[in-house]
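Q: got a predicted structure plus its sequence, pasted below:
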Amino acid sequence: MADKQAQTYIDNPAVFAKSVTKIEVDHSLNNLIGDLIIKDFPNLTDVILRNHGLTSVTVESCPNLSNINVSNNRNLVSFNLEKTTIINGENAGNKVKVVKISGYSGKPSFEEINLKNCTSLEGLFVNDLGKIRTIKGVKDFDNPIREINMGGSEGFNLTTTDELERLEAVEKVSDEILGGSGNLPMTIDPGTGKQVVNVAKLKEDLVVKGAENPDSPTKKIVEAVIVELGLRGTNITQQQIIDEIRKLKDRGEIDKLESAASARDVEISKDKLISGRFNELQMLRDKKLLPGQEDEKTEV
């Protein structure tokens, strides 16, 4: 058995032409070691590299890959299928149906399994990998996986996926904002029959809750609108505000608000001027300081 650098061996066109449909290497003849990127094999459907010394395996631009088996690679710590299919420069859903990865009994850990874009996955076998630190792509599984085998692998559950870890953080913060104790609005997904978060209602509740903050810009805007509409009371509802705005709109006043706003300032200044001038004249008249003014007489 001769050790061969995996990348050099697989990239050798004399060993594997780019047109091949299957890559399989007998470890007893050529033991592949090191990192490996299997790239640009358009017709490749199967990869079987069992019992080698691979440390990482990545697949790129192999759009017809259906089955990959890298079992019993003792040193393997990273596995990535995210770029298996690339369309117009973008990663896309691939055709991979079966993935087999394994290390050895007692293996301490496995760094990352990236299954992003594995929309067709049916079978997942992740044995003897120890504690799997990161799993990516679980949310991309379009269909229920028919078979999962994870003997000897710890922590392979949904809580280890990076997507769900972020979602759990968002859920926790949202729940705290709404008062805690599981106040998130829930609904039943008509497609699956499962209970899920009502995203539209959650967004509405968070906006309302944010508006309740006295320092919130939204709160200040709402208060200003309430004052302008002439509403009174401490429990003004959203519907009351909407009703008042509709009344203004029905009277055609909404369209005049912009001109009315500037005109109001002019009117206020004019009223103040007239009022002030009238008061001044009245005062002079009372003191009989205006020329040509005489006391009014009452005829009997």
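A: Right, received. Where do you want to start? Keep in mind the model is a prediction, meaning the values are calculated, not measured.
Q: tell me the buried residues in stretch 196-205?
A: Buried residues in stretch 196-205, counted by 16 or more other C-beta atoms under 10 Å: Leu202, Asp205. All C-beta spots, glycine's among them, are computed from the backbone N, C-alpha and C.
Q: tell me the contacts of Ile33?
A: Counting by C-beta atoms under 8 Å, 6 or more residues apart in numbering, Ile33 touches Asp3, Lys4, Gln5, Ala6, His52, Gly53, Leu54, Thr55, Asn75.
Q: ugh, wrong one, Val126
A: Counting by C-beta under 8 Å, 6+ apart, Val126 touches Val99, Ile101, Ser102, Phe110, Ile113, Ile132, Asn149, Met150, Ser153, Phe156.
Q: check Pro63 too.
A: Shown in contact with Pro63 (C-beta under 8 Å, 6+ apart): Pro42, Thr84, Thr85, Ile86, Asn94, Lys95.
Q: pull the number of nearby residues for Phe141.
A: For Phe141, the count of nearby residues is 15 (other C-beta atoms under 10 Å).
Q: distance of the closest residue to it other than its chain neighbours from Val98?
A: Nearest residue to Phe141 in three dimensions, chain neighbours excluded: Leu121, at 5.6 Å (C-beta to C-beta, 6 or more residues apart in numbering). Taking C-beta to C-beta, to the nearest Å as the measure, Leu121 falls 8 Å from Val98.
Q: who has more neighbours, the two?
A: The neighbour count for Leu121 versus Val98, taken as other C-beta under 10 Å, is higher for Leu121 (25 against 17).
Q: show me where the stretch 101-250 of the chain has helices.
A: Secondary structure of the stretch 101-250 of the chain (DSSP state H, counting those that start in this stretch): helices at 162-177, 199-211, 217-229, 238-250.
Q: what about the third one, average pLDDT?
A: It refers to helix 217-229. Across helix 217-229, the average pLDDT comes to 67.
Q: can you check the longest one too?
A: When pLDDT is averaged over helix 162-177, the result is 64.
Q: how's this protein carved up into domains?
A: Per the record, the chain has its domains at 2-158, 161-212, 254-286, by automatic domain parsing.
Q: out of these, which is the most enclosed?
A: Burial of the domains of the chain is given as mean neighbour count (mean count of other C-beta atoms under 10 Å); domain 2-158 ranks first at a mean of 17.
Q: now that one: mean pLDDT?
A: Domain 2-158 comes out at a mean pLDDT of 93.
Q: where is the longest strand in the protein?
A: strand 30-39 (DSSP state E).
Q: now that one - C-alpha only, PDB.
A: Taking Å, rounded to 0.1, in the frame of the first residue of the first chain, the C-alpha atoms of strand 30-39 are listed here in PDB:
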ATOM      1  CA  ASN A  30      -3.200   3.600  -3.300                       C
ATOM      2  CA  ASN A  31      -4.000   5.100   0.100                       C
ATOM      3  CA  LEU A  32      -5.100   8.700  -0.400                       C
ATOM      4  CA  ILE A  33      -4.100  11.200   2.300                       C
ATOM      5  CA  GLY A  34      -4.600  14.900   2.900                       C
ATOM      6  CA  ASP A  35      -7.300  17.300   1.800                       C
ATOM      7  CA  LEU A  36      -9.300  16.600  -1.300                       C
ATOM      8  CA  ILE A  37     -11.500  18.800  -3.600                       C
ATOM      9  CA  ILE A  38     -13.300  16.800  -6.200                       C
ATOM     10  CA  LYS A  39     -14.100  19.500  -8.900                       C
END
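Q: each with direction, which strands does the helix or strand just after that strand pair with?
A: Moving toward the C-terminus from strand 30-39, the next helix or strand (DSSP states H and E) is strand 46-48. Sheet pairing of strand 46-48 (DSSP bridges) gives strand 22-24 (parallel), strand 67-70 (parallel).
Q: name the residues that touch the shortest one?
A: In this structure, residues lying in contact with strand 22-24 by C-beta under 8 Å, 6+ apart are Ile10, Phe16, Ile38, Phe41, Leu44, Thr45, Asp46, Val47, Ile48, Leu49.
Q: need the max-distance pair from those.
A: Largest separation among these by C-beta to C-beta: Ile10 and Thr45, giving 15.8 Å.
Q: ranges for the strands of the stretch 51-200 of the chain?
A: Ranges of strands in the stretch 51-200 of the chain, per DSSP state E, counting those that start in this stretch, are 53-60, 67-70, 78-83, 86-87, 90-91, 98-102, 109-114, 123-127, 130-136, 147-149, 153-154, 186-188, 195-197.
Q: I'd like those strands laid out as TSV, including distance to Leu32.
A: TSV is the format used below for the strands of the stretch 51-200 of the chain (distance: least, C-beta to C-beta, whole Å):
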stretch	distance to Leu32
strand 53-60	6
strand 67-70	10
strand 78-83	15
strand 86-87	25
strand 90-91	26
strand 98-102	15
strand 109-114	18
strand 123-127	20
strand 130-136	22
strand 147-149	24
strand 153-154	23
strand 186-188	50
strand 195-197	44
